[in-house]
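Peer 1: here is a sequence with its predicted model. Questions after.
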Amino acid sequence: MKIKLLALTFAVSCALAGNAMALTKAEYKTQKDQISADYKVNRDKCATLKDNAKDICVSEAKGAEKVAKAELEAQYKPSAKNTEKIALAKGDAAYATAKEKCDDLAGNAKDICVKDAKAAHVKAKEEAKVVKAAVDTSKEKAETMGEVKKDASAATREADYKAAKERCDSLAGAAKDTCLSDAKAKFGM
């Protein structure tokens, strides 16, 4: 709980600090061009790799570019929406790379890996919504914040349950039944 509160405080601080550090149009264009150049360099480094290692490398390069562009946009035009876009870009990048890493696995291990990646992605998306609501300056903030947190918690629990359920699929008989009932109890399903 303390970690979430610290993360939320940090996100709000960054969003509010962003207002003081807004970029000029020329600075924005220069930095955007630099992000594109950095992406090309990072992508070109992947050319020496083969098979899935190359796919993972390219995914990481694309993710870094998307996150950098979202951060730049938030710095250029500070808003709750752009703050949310940073968190979404980070979650999407991590998810894409995690899915690529799952390709090295097979069978149930791969299924579990994909479900875990999906659960982490859902959690990141829901946390992005909470961050957006936290930096919202409208009068309905308190109402919105409660609803967003409630929805985020439900979506995260459901994704975690699906990942736990996938782990149970590797078991059989009574062990599988026990695993499923434990997962239902743990995640309130």
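Peer 2: Nice, I can see it.
Peer 1: surely residue 31 touches residue 72?
Peer 2: Yes - taking contacts as CB atoms under 8 Å, residue 31 lies within contact range of residue 72: 5.4 Å. To be clear about C-beta, it is placed using only N, CA and C from the backbone, and glycine gets the same treatment.
Peer 1: all helices of this protein, in order?
Peer 2: Using DSSP state H, the helices of the chain run over 2-20, 25-45, 51-76, 80-102, 107-135, 141-168, 173-187.
Peer 1: let me have the ones you listed in CSV, extended by mean pLDDT.
Peer 2: Formatted as CSV, the helices of the chain follow (pLDDT from 0 to 100):
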stretch, mean pLDDT
helix 2-20, 44
helix 25-45, 94
helix 51-76, 95
helix 80-102, 93
helix 107-135, 89
helix 141-168, 83
helix 173-187, 89
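Peer 1: can you add mean neighbour count and give these back as a markdown table?
Peer 2: Shown next, in a markdown table, are those (neighbours: other CB atoms under 10 Å):
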| stretch | mean neighbour count |
| --- | --- |
| helix 2-20 | 13 |
| helix 25-45 | 13 |
| helix 51-76 | 18 |
| helix 80-102 | 20 |
| helix 107-135 | 19 |
| helix 141-168 | 16 |
| helix 173-187 | 13 |
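Peer 1: just want the most central residue of this protein.
Peer 2: Computing the C-alpha centroid of the chain and ranking residues by CA atoms, centre = their mean puts residue 91 first, at 1.5 Å.
Peer 1: still on that earlier bit, okay, and the common contacts of residue 31 and residue 72?
Peer 2: Here residue 31 and residue 72 have residue 23 as joint contacts, going by CB atoms under 8 Å, 6 or more residues apart in numbering.
Peer 1: what distance do you get for residue 40 to residue 58?
Peer 2: Note on residue 40: its distance to residue 58, by CB to CB, to the nearest Å, is 12 Å.
Peer 1: how about the residue nearest to the centre of the chain, what does it touch?
Peer 2: Going by CB under 8 Å, 6+ apart, residue 91 touches 120, 121, 123, 124, 125, 127, 128.
Peer 1: how about the fifth one, nearest residue that isn't a chain neighbour?
Peer 2: Pointing back at residue 125 there. residue 91 (5.5 Å; CB to CB, 6 or more residues apart in numbering).
Peer 1: residue 127 versus that neighbour, what's the distance?
Peer 2: Going from residue 91 to residue 127 by CB to CB gives 8 Å.
Peer 1: correct me, but residue 61 touches residue 47?
Peer 2: No - here residue 61 lies out of contact with residue 47, judged by CB under 8 Å, at a distance of 11.0 Å.
Peer 1: quick one, what contacts residue 46?
Peer 2: By CB under 8 Å, 6+ apart, residue 46 lies in contact with 54, 57, 58, 61.
Peer 1: make a markdown table out of the residues you listed and add distance to residue 150.
Peer 2: Listed next are those as a markdown table, based on distance: CB to CB, whole Å:
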| residue | distance to residue 150 |
| --- | --- |
| 54 | 42 |
| 57 | 39 |
| 58 | 38 |
| 61 | 37 |
